[in-house]
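[1] just the structure for this:
(one chain, ligands or ions: 1)
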Amino acid sequence: MPTALHFRLYPSKKQEARLSRTLTVCRHLWNDALAHRRQRWQVEGKSTSYNYQQAVLTGERHVNKELLGVYSQVAQDVLHRLDLAFKAFFKHQSRYPRFKKPTQSGSFTYPQAYNRSVKPNVPKRRLYLSKIGNVTAIFHRPIPKDSRLKTCTVVRTPDGRWYASLVFEEIVPLQNLGSAISSQQPKTPIGVDLGLLSLIATSNGQTVEHPRFLRKAEERLKHLQRNLSHRNCGSKNRLKARRRVASQHSKVRRQRLDFNHKISTNLIRKHDFIAFEDLRIKNMVKNHRLAMSIHDAGWGQLVRLTEYKALKAGSRVVRVPAAYSTQECYNCEAFNKIDLGVREFLCIGCGRHLNRDHNAANVVLKRGLAIACLTAINVGQDLSEFKPVETRPMLLQTTGEASQVEETGTTRPHGLKAHDLELWEDVTGWPGPSASPRPGR
Ligand SMILES: [Zn+2]
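    The predicted model follows:
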């Protein structure tokens, strides 16, 4: 499994000019290549392949001086990216590729960094980049042993910082590890419920508060944004104001990443089997009242981080359908029609006193074990009657696409009133407390 490490770069003024120049040339190349494809299709009715454009680029390099200033494979990689964009478009995975505007941010890639076009020098704290030079870099963690450098992507973030993203590949692949683990019984399984009031609630009764980084930075962002809108177009002060907005945003992004790294590391250290709800976040953010809180939560990032760490630690992470996880009793599987704001309730099936988040986390764990076809030896504290083998396949059939928000935002989030609740139900398609009982039951 490849490992990506991001190192901060501190280019000199000359180097920064060369880096920026490379980004500009790459942008022009992208736009020219895109126009070339479009024209060939519209005028001549022909489609254009990657190899064809590659041949054109080779000829172009003899006459275009700007292209000569860029490492050949970096330019080739632009065409490769364009080709991928078209392939995604033809598979209906993304929209038609667009022309690139000049912006503060961008990236370019050395696709074969092992061919000495990129050379990290850790003791001297510098990274050699072909056609750029020896750039000062902070190697804040060691380069992995028994692995070789695969690619290097140089990134400029919107706030003007430079990073190098180095991807390393193991010389001996770790593929067999996963299959050996999957057949074992987990010793410390855990289910995780993702929510908006508490960011996560686990099946052993722990909760982590939603950090609301974006919410907290909102005041300052508002101020900076207003400042930006009052600056004249194209002025230096506008550029400065834009950088300040961007750097505030990237601060929030770094805070969230750091927080999610800590939670995921903690989960992986303590548990060898972790079940998450499989949330369709794209559908959920269509509800504009919740979109900010949902983005601020960064659930997707948390799950992704946990998944890659699990691969290395030899643990398992599964995603389970989230439908109705808050309303089903983990103990007797009775369906409790409870209001969105209700935190604790008595189960109508077995009379147990259930905490909403805790119950949901246990349901997630139960479904996770059922998906993985495993039985747990020791699940949670409050789970004496827990029998995961009994979990019926019915649970896996519910797609619950429409009810995602309701299930995840296990509570009514901040400041949501009764009127909003109706709107919420409209958006999510959840039948609501007064509607007919759960379909398929
Ligand atoms: Zn019950």
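[2] which helix or strand contains the nearest residue to residue 72 once chain neighbours are set aside?
    With sequence-adjacent residues excluded and distances taken as CB to CB, 6 or more residues apart in numbering, residue 72 is closest to residue 61, at 7.2 Å. C-betas here are computed from N, CA, C, even on glycine. If you go by DSSP states H and E, residue 61 is part of helix 50-63.
[3] how far does that helix sit from its chain's centre?
    From the chain centre to the centre of helix 50-63 is a distance of 35 Å (CA atoms, centre = their mean, to the nearest Å).
[4] next helix or strand past it?
    helix 65-68.
[5] so what's the residue count around the closest residue to the ion within the stretch 101-250 of the chain?
    In the stretch 101-250 of the chain, the residue that lies nearest the ion is residue 203 (15.5 Å; CB to the ion). Residues near residue 203, counting by other CB atoms under 10 Å, number 30.
[6] what pLDDT does it get?
    pLDDT, residue 203: 89.
[7] ok, now which ones touch residue 265?
    residue 309 (CB atoms under 8 Å, 6 or more residues apart in numbering).
[8] and this structure, which residues reach the ion?
    With CB under 5 Å from the ion as the criterion, the chain meets the ion at residues 329, 331, 332, 334, 347, 349, 350.
[9] from memory the third one sits against residue 354, does it?
    No. No contact is recorded between residue 332 and residue 354 when judged using CB atoms under 8 Å, the distance being 10.5 Å.
[10] quick one, which of those two is more surrounded?
    Using other CB under 10 Å, the more surrounded residue of residue 332 and residue 354 is residue 354, with 22 against 13.
[11] returning to that earlier point: quickly list what's touching both of residue 332 and residue 354.
    Both residue 332 and residue 354 are contacted by residue 347, under the criterion CB under 8 Å, 6+ apart.
[12] that older thread, by contact count, what packs against the helix holding residue 61?
    helix 13-44, helix 65-68, helix 72-90 (3 or more CB pairs under 8 Å, 6 or more residues apart in numbering; DSSP states H and E).
[13] buried residues in it, which are they?
    Using 16 or more other CB atoms under 10 Å as the burial criterion, the residues of helix 50-63 that qualify are 50, 53, 57.
[14] any idea of the mean pLDDT in it?
    On average, helix 50-63 scores 94.
[15] and for it, what's in contact with it?
    29, 33, 36-37, 67-68, 72, 75-76, 79-80, 82-83.
[16] now do stretch 229-248
    Stretch 229-248 is touched from outside by 104, 157, 158, 159, 160, 217, 220, 221, 224, 225, 227, 228, with contacts defined as CB under 8 Å, 6+ apart.
[17] please list only the buried members of those residues.
    157, 158, 159, 217, 221, 224, 227, 228.
[18] on that earlier part again, out of the residues of the chain next to the ion, flag the one nearest to residue 18.
    Relative to residue 18, the closest of the residues of the chain next to the ion is residue 329; by CB to CB it sits at 63.3 Å.
[19] does the closest one touch residue 351 like I think?
    No. Residue 329 is beyond contact range of residue 351, at 9.9 Å (criterion: CB under 8 Å).
[20] the two: who's more crowded?
    Taking other CB under 10 Å, residue 329 and residue 351 do not tie; residue 329 has more neighbours (21 against 11).
[21] from residue 355, how far out is the more buried one?
    Using CB to CB, to the nearest Å, residue 329 is found at 12 Å from residue 355.
[22] ok, residue 213 next?
    With distances defined as CB to CB, the gap from residue 213 to residue 355 amounts to 26 Å.
[23] ditto for residue 26
    For residue 26, the distance to residue 355 - CB to CB - is 53 Å.
[24] the two: who's more crowded?
    More neighbours surround residue 26 than the other of residue 26 and residue 355, with 22 against 16 (other CB under 10 Å).
[25] can you pull out the strands in the stretch 151-300 of the chain?
    Shown for the stretch 151-300 of the chain, the strands assigned by DSSP state E, counting those that start in this stretch span residues 162-170, 189-194, 198-202, 207-209, 273-278.
[26] still on that earlier bit, select only the buried ones of the residues of the chain next to the ion in ChimeraX?
    Buried members of those, defined by 16+ other CB under 10 Å, are picked up in ChimeraX with:
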select :329,331,347
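[27] how about the residues of the chain next to the ion in a markdown table, adding pLDDT, distance to residue 191 and secondary structure?
    Compiled in a markdown table, the residues of the chain next to the ion are given as follows (pLDDT from 0 to 100; distance: CB to CB, whole Å; DSSP: H, G, I helix; E, B strand; the rest coil):
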| residue | pLDDT | distance to residue 191 | secondary structure |
| --- | --- | --- | --- |
| 329 | 86 | 14 | coil |
| 331 | 83 | 14 | coil |
| 332 | 83 | 17 | coil |
| 334 | 83 | 18 | coil |
| 347 | 84 | 18 | coil |
| 349 | 82 | 20 | coil |
| 350 | 85 | 19 | coil |
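[28] span of stretch 230-241 from start to end?
    10 Å (CA to CA, to the nearest Å).
[29] give me the pLDDT for residue 418.
    Predicted confidence (pLDDT) for residue 418: 38.
[30] what angle do the helix holding residue 61 and helix 72-90 make?
    Going by axes from the mean of the first three to the mean of the last three CA atoms, to 10 degrees, helix 50-63 is angled at 150 degrees with respect to helix 72-90.
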